[in-house]
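>>> Fold the following, please.
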Amino acid sequence: MKQRHNRLITGMVCLLAASLSTCQQSKSPKQITPAFYHWKSNYNPTRSEIAEMKRLHANKLYLHIFDVDWDEKTRQPVPKAVIRFMQKPVGNIVPVVFITNRTLTNLSPASLPGLATHITQSILRISHQNAISLREVQFDCDWSTRTRDRYFRLLTLLKETLRLPVSTTIRLHQIKYTDQTGIPPVSRGMLMLYNVADWKQPETRNSIYDAEVVNQYVSFVSTYPLPLDIVLPLFRWTVVYRNNRFLTFLNNIDRKLLVNTTFLQAQSDSTRFIANRDTSAFGFSVRRNDLFRSESVSAQTLIREKKRLLGQISNQRLTLALYHLDSTVLSAYSRETISTFFQPHP
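As a prediction, the model looks like this:
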């Protein structure tokens with residue numbers, strides 16, 4: 001009896017040790033690869049931007065190279081916003097291709113192989129012309145339940161033609177409603193912590209980031225079956241509406257600038273302003289009663305959400321990217337804060 005009792009205690013000790021070991025492993029810091037997105041018409045980073053990447057050891061750059069959009073006149077997909085290289089790209093370049101959802105809506109399933117071939121040829125040509133060594137290609141598309149099957153079929157075809165690892169961007173709503181939006185057939189997903197609400201609607205509080213919206217989705221991250229990376233938004237903008245309809249974006253225009261603009265009247269919501277007269281400003285003709293809504297995300301919010309997402313993501317190794325590489329965008333955050341974004345713990 002005593003021998004059996006000792007064996008039982010020994011077994012319990014072993015189980016406890018194993019449990020503690022597993023717990024310690026699950027709480028070990030993530031292995032983060034720092035990266036930036038580059039989303040401009042010309043690739044021509046400044047010396048300060050290149051220096052900042054070096055300082056942060058961010059050798060990885062997700063480089064938007066072109067869009068695929070639907071042309072109503074020709075009734076076929078066409079390349080748009082093709083990047084121009086003003087200097088030779090350096091580092092680990094991941095080409096990014098944005099595919100509009102309306103392209104998939106209008107495209108017949110029989111046309112998907114041809115589209116995959118044309119996209120692949122364009123990526124290979126641009127990469128060859130600019131000495132980019134391909135290791136991965138990423139596709140960005142806010143697919144819907146209606147276009148899911150076509151997009152996933154296109155991704156499968158692109159993997160076959162590229163013969164490279166393929167990743168895709170993932171919106172938070174696509175994390176929660178996997179039974180409707182599906183799981184894309186790719187190696188990894190890039191989880192976007194921005195564009196969480198509809199910027200076209202004037203009643204939206206903050207389309208870049210809204211805590212109430214994000215809280216509806218974050219708990220589903222831990223069960224997502226793909227390895228996930230993260231991209232955090234550093235950009236800021238002001239959204240302008242006229243007669244309750246979206247008019248334009250004002251990039252890098254924030255609340256501080258709007259507060260000091262004489263023709264704008266601040267509203268009870270501190271991010272909203274109403275034009276009190278007709279005038280010309282910000283590169284367009286302002287009309288009385290135009291609505292200006294400034295949007296940005298504080299450093300404290302980004303650090304908090306980064307910590308929360310790292311705790312939810314199951315894979316130990318991941319890329320953490322910042323959107324995007326631009327000295328004006330980066331200037332809103334201190335050097336210490338930007339360094340903190342890339343740390344596994346704040």
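>>> Quick one: residues contacting residue 79.
66, 67, 68, 122 (C-beta atoms under 8 Å, 6 or more residues apart in numbering). Placement of C-beta: from N, CA and C, glycine included.
>>> In TSV, list the residues you listed along with secondary structure and distance to residue 186.
Formatted as TSV, the contacts of residue 79 follow (DSSP: H, G, I helix; E, B strand; the rest coil; distance: C-beta to C-beta, whole Å):
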residue	secondary structure	distance to residue 186
66	strand	19
67	strand	19
68	strand	17
122	helix	19
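>>> most surrounded residue in these?
The member of those surrounded by the most neighbours (other C-beta atoms under 10 Å) is residue 68, with 23 neighbours in all.
>>> what bridges to it?
residue 79, residue 99 (DSSP bridges).
>>> what do you get for residue 191?
The partner residues for residue 191, given DSSP bridges, come to residue 170, residue 230.
>>> Who are the contact partners of it?
The neighbourhood of residue 191, defined by C-beta under 8 Å, 6+ apart, consists of 170, 172, 175, 221, 228, 229, 230, 231, 309, 313.
>>> Starting from residue 212, give me the distance back to the fifth one.
For residue 228, the distance to residue 212 (C-beta to C-beta, to the nearest Å) stands at 22 Å.
>>> More neighbours: which of these two?
Taking neighbours as other C-beta under 10 Å, residue 228 and residue 212 compare with residue 228 leading, 22 against 10.
>>> Quick check: pLDDT value at that one.
Confidence at residue 228, expressed as pLDDT, is 98.
>>> Can you pull the phi/psi pair for it?
The main-chain torsion angles of residue 228 are listed as degrees, to the nearest 10 and equal phi -120, psi 140.
>>> isn't residue 234 right up against residue 331?
No - judged on C-beta atoms under 8 Å, residue 234 makes no contact with residue 331 at a distance of 9.9 Å.
>>> So between these two, which is more surrounded?
Ranked by neighbour count (other C-beta under 10 Å), residue 234 and residue 331 place residue 234 first, with 25 against 11.
>>> any idea of the pLDDT on the more buried one?
The score at residue 234 is 97. That number is its pLDDT.
>>> And it, how close does it get to residue 76?
36 Å.
>>> Also residue 304?
Relative to residue 76, residue 304 is positioned 45 Å away (criterion: C-beta to C-beta).
>>> Over to residue 167?
Counting by C-beta to C-beta, the gap from residue 167 to residue 76 is 26 Å.
>>> ok, residues contacting the helix or strand harbouring residue 248?
Counting by DSSP states H and E, the element that carries residue 248 is strand 245-251. With C-beta under 8 Å, 6+ apart as the test, strand 245-251 has contacts from 199-200, 202, 235, 237-241, 282, 284, 290, 292.
>>> So for that strand, mean pLDDT?
For strand 245-251, the per-residue pLDDT averages 97.
>>> what distance separates the helix or strand residue 97 falls within from the centre of its chain?
Following DSSP H and E, the helix or strand that holds residue 97 is strand 92-99. Using C-alpha atoms, centre = their mean, to the nearest Å, we find the averaged C-alpha position of strand 92-99 to lie 12 Å away from the chain's own average C-alpha position.
>>> could you say what helices and strands that strand packs with?
Using 3 or more C-beta pairs under 8 Å, 6 or more residues apart in numbering; DSSP states H and E as the contact criterion, the neighbours of strand 92-99 among helices and strands are strand 60-71, helix 112-129, strand 137-140.
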